[in-house]
Structures are given as structure tokens and as C-alpha cells.
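Trainee: Return atomic coordinates for the entry below.
(chains A and B)
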Amino acid sequence: MRYARAFLLGAWEFVVGDDWRTAVGVALTLALTALVADTSIAAWWVTPLAVLGLLALSIRRAARRALRR
Amino acid sequence: MSGAEIGLALSVFLACAVEAVEALTIVLAVGTTRSWPSAIGGVAAATLVLAALVIALGPALTTLPIGVLRVLVGGLLLIFGLQWLRKAILRRAGLKAKHDELAAYAEEAELAREAGGRRAGFDGYSFTLACKGVLLEGLEVVFIVLTFGANQHRVGLAAAAAGAAVLFVVIAGAAARAPLANVPENTIKFAVGVMLSSFGMFWGAEGAGARWPGGDAALLAIVPGVLLAALAMAWAVERGARAPGATQPTRARA
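Mentor: Reported below is the predicted structural model:
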């Protein structure tokens, strides 16, 4: 049980890293892209727009944290 | 070789080279201060495990339906790429300490000395530390090799690019007989972040059902677009950090 927990924690840390919001944002972005792709509207612009927004927000959070220290 | 394959090989080569530089520092530190044969044994063991992972998981991944694979790979590459980019931008702005190979070497060597002197026979400390260092640094590379390679059904090409990068770094390290401190690590990490994020965007959106204008040629716009956006963000963060009244962070080792 202890090893399974350690493995899961390690996998989480390895994949998600120190910014879970970005990981969740990426999943939501791809879901939104799929939803838009199901309509008659072109969906290719959703991912780049959302991803660059996620990056900007992630950097802003980290920069604020660093400057507060 | 297509543009996407060149992108694959270049991304894997750069990502692997930069991780290999960090692993080399650990191996050099324990090898020089304690036991070379044991450190090399640790490297060999870790390399075998990493190669086994690629051999076992590579073909398994390629059996997934292409849409599922692209969403999975695209999402994971995006999460990884955005992390690499964010850290590179913060380091560039001075808000995160740059990786200092000489400091890392000195620290590892000191720890190795504290744990005991030079050993003649098998040294478990050197073996474990070298093995752990290579495994931890290598896992990310294995992940990139598998995702990039499986998605284009070119795991072999990705693995060859990774192997070439390791060979290149080992030869450079052997020639220098010291940690590779002059490698522009942050610039390379920035470039890898741009590539991973760009390919992640491309494949993730395609897997989700979007159709890129121009098909694969869209990558020729996505990569420079992500690069420009990332440079603009780096510039804005740098400017913010230097603005009067901004608290300067204490620099520490990453």
C-alpha cells in the first residue's frame, strides 16, 4: 500500500509537476477544442489561444510568488 | 526526412542533451571522489532500465487509436512543455536560480566525501547515486522519446536522437574531464519548451478533432508563434522584475 501510494505520488509529481492548475487547464482546453470541433465552427484556434493564456497565467503566479519571497 | 521528423529528432536531441549534462555532473562527482567502476555500473544499470522502458512501452503506445494517442500525447507534451517554458522564462528573468553545474558538482562531491572516502571494490553509494541520477534525468527523456516517437510511429528515430545526444555529452564530458558548465542550459530548455508546447498544441488539437489550416504545414506557423509569444512573456516578466519597487528574490540553487 505504501509503495503504491509512493508510486502514485511520484507519477503525479512527474507528470503534473508543481503547477496542477496548468495541467487541469490543458485537459479542459482539449475538451473545449473537442466540443467546438463537433460544431460547424473551426476549432484549430482554441488550443493555441488557451495554451498561451495558461502559460501567461502560470508565469504570473510563479513570478508573484518569487517576488513576494 | 519530413519537417515533423526533423522537429522530433531535434526536440529529443536537445532535451536529452540538457538532461545528460545534469546526469553527467552527478556521475562525475561520485566517480571522481569515490569509485569510477561503481559509478559506471550505476549508469549502465539505469541505461538498461530506461532502454527497457522504451522497448516495452513504445510498441504498446503505437497500438492505441491515432485520435486517442494524439490527445494523450498532445496533452502530456503540453503539460511538460509549459513547465519547461515557465521555468526557463523565470530563470531568464532572474526569478528562479539557473542550474549551476559547478555548484552542483561541488555539492555532490562534498556529500560523496562525507559519506566515506575512495573505495577500491564495489561502492554501493557511487552505484546508487549514479544510477538514481541517470534514472531521474532519463525518465523525462524516455517520456519525450515515447510520446514523440509513438505519435509519428518513429520511436526508433527518437531513440537514436536521444542516444546521439548522450554520446555527444559523454564525449564532451570526457574531453573536458569536468562538469559541462558552459552549456547554455536555460536557452536549450527554452527551445525544448517551445518545441514540446508547439507539437503538443498541434497533436492535441488534431486528436480532439480540430483541423489545422494547411495540415502539417501549420507547424511552420505554430513553432515561431509560440517562440514569439514566449519571448514576449519573458521580456514582460524581466521588465516587471526590474521595475522599481519590485522585491528582488533571493537567488538559490534550483
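
Trainee: name the element residue B:164 belongs to?
Mentor: helix B:155-176 (DSSP states H and E).

Trainee: again but with residue B:148, I slipped
Mentor: Element membership of residue B:148 [criterion: DSSP H and E] is helix B:124-151.

Trainee: Any residue of that helix touching chain A?
Mentor: Yes: using CB under 8 Å from any CB of the partner chain, helix B:124-151 reaches chain A at B:139, B:140. Yep, even glycine has a C-beta here, placed from its N, CA and C like the rest.

Trainee: tell me the angle that helix makes with helix B:155-176.
Mentor: On the basis of axes from the mean of the first three to the mean of the last three CA atoms, to 10 degrees, helix B:124-151 is oriented at 140 degrees to helix B:155-176.

Trainee: Now find how far off-centre helix B:124-151 is within its chain.
Mentor: Relative to the mean C-alpha coordinate of its chain, helix B:124-151 is positioned 10 Å out (CA atoms, centre = their mean, to the nearest Å).

Trainee: what comes up buried for that helix?
Mentor: Going by neighbour count (16 or more other CB atoms under 10 Å in any protein chain shown), the buried part of helix B:124-151 is B:125-127, B:129-131, B:133-135, B:137-151.

Trainee: elements contacting it?
Mentor: Judged by 3 or more CB pairs under 8 Å, 6 or more residues apart in numbering or on different chains; DSSP states H and E, helix B:124-151 is in contact with helix B:3-33, helix B:36-62, helix B:66-92, helix B:101-114, helix B:155-176, helix B:185-207.

Trainee: By mean pLDDT, show me the worst of those helices.
Mentor: Mean pLDDT per stretch puts helix B:101-114 lowest among these, at a mean of 81.

Trainee: buried residues in that one?
Mentor: Buried residues in helix B:101-114, defined by neighbour count with 16+ other CB under 10 Å: B:101, B:104, B:105, B:108, B:109, B:112.

Trainee: Look up the closest residue to the residue in chain B positioned nearest to chain A, ignoring the ones flanking it.
Mentor: Nearest to chain A, among the residues of chain B, is residue B:209, at 3.3 Å (CB to the nearest CB). For residue B:209, ignoring the flanking residues on the chain, the nearest one in space by CB to CB, 6 or more residues apart in numbering or on different chains is residue A:37 at 3.3 Å.

Trainee: check contacts around that neighbour.
Mentor: A:43, B:208, B:209, B:210, B:211 (CB atoms under 8 Å, 6 or more residues apart in numbering or on different chains).

Trainee: Pull up the gap between it and residue B:33, please.
Mentor: For residue A:37, the distance to residue B:33 equals 56 Å [CB to CB, to the nearest Å].

Trainee: Same question for residue B:61.
Mentor: Residue B:61 sits 40 Å away from residue B:33, going by CB to CB.

Trainee: Pick out whichever of the two has more residues nearby.
Mentor: Neighbours per residue (other CB atoms under 10 Å in any protein chain shown) separate residue B:61 from residue B:33, with residue B:33 holding more: 22 against 17.

Trainee: all helices of chain A, in order?
Mentor: Along chain A, counting by DSSP state H, helices occupy A:2-16, A:20-37, A:46-68.

Trainee: how about the ones you listed in JSON lines, adding mean pLDDT and distance to residue B:22?
Mentor: Output for those, formatted as JSON lines (pLDDT from 0 to 100; distance: least, CB to CB, whole Å):
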{"stretch": "helix A:2-16", "mean pLDDT": "78", "distance to residue B:22": "16"}
{"stretch": "helix A:20-37", "mean pLDDT": "95", "distance to residue B:22": "23"}
{"stretch": "helix A:46-68", "mean pLDDT": "92", "distance to residue B:22": "21"}
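
Trainee: out of these, nearest to residue B:170?
Mentor: With CB to CB, the closest approach to residue B:170 among the helices of chain A belongs to helix A:2-16: 24.8 Å.

Trainee: Any part of that closest one near chain B?
Mentor: Yes: Helix A:2-16 is in contact with chain B by CB under 8 Å from any CB, via A:14, A:15, A:16.

Trainee: count of residues packed around residue 31?
Mentor: All of this is about chain A. Using other CB under 10 Å, residue A:31 has 13 neighbouring residues.

Trainee: I was thinking of chain B, sorry if that wasn't clear
Mentor: Residue B:31, neighbours per other CB under 10 Å, totals 23.

Trainee: One more: residue B:53?
Mentor: Counted by other CB under 10 Å, the residues lying close to residue B:53 total 17.

Trainee: Now do the contacts for it.
Mentor: B:142, B:146.

Trainee: For residue B:157, see how far away it is.
Mentor: Distance from residue B:53 to residue B:157, by CB to CB: 17 Å.
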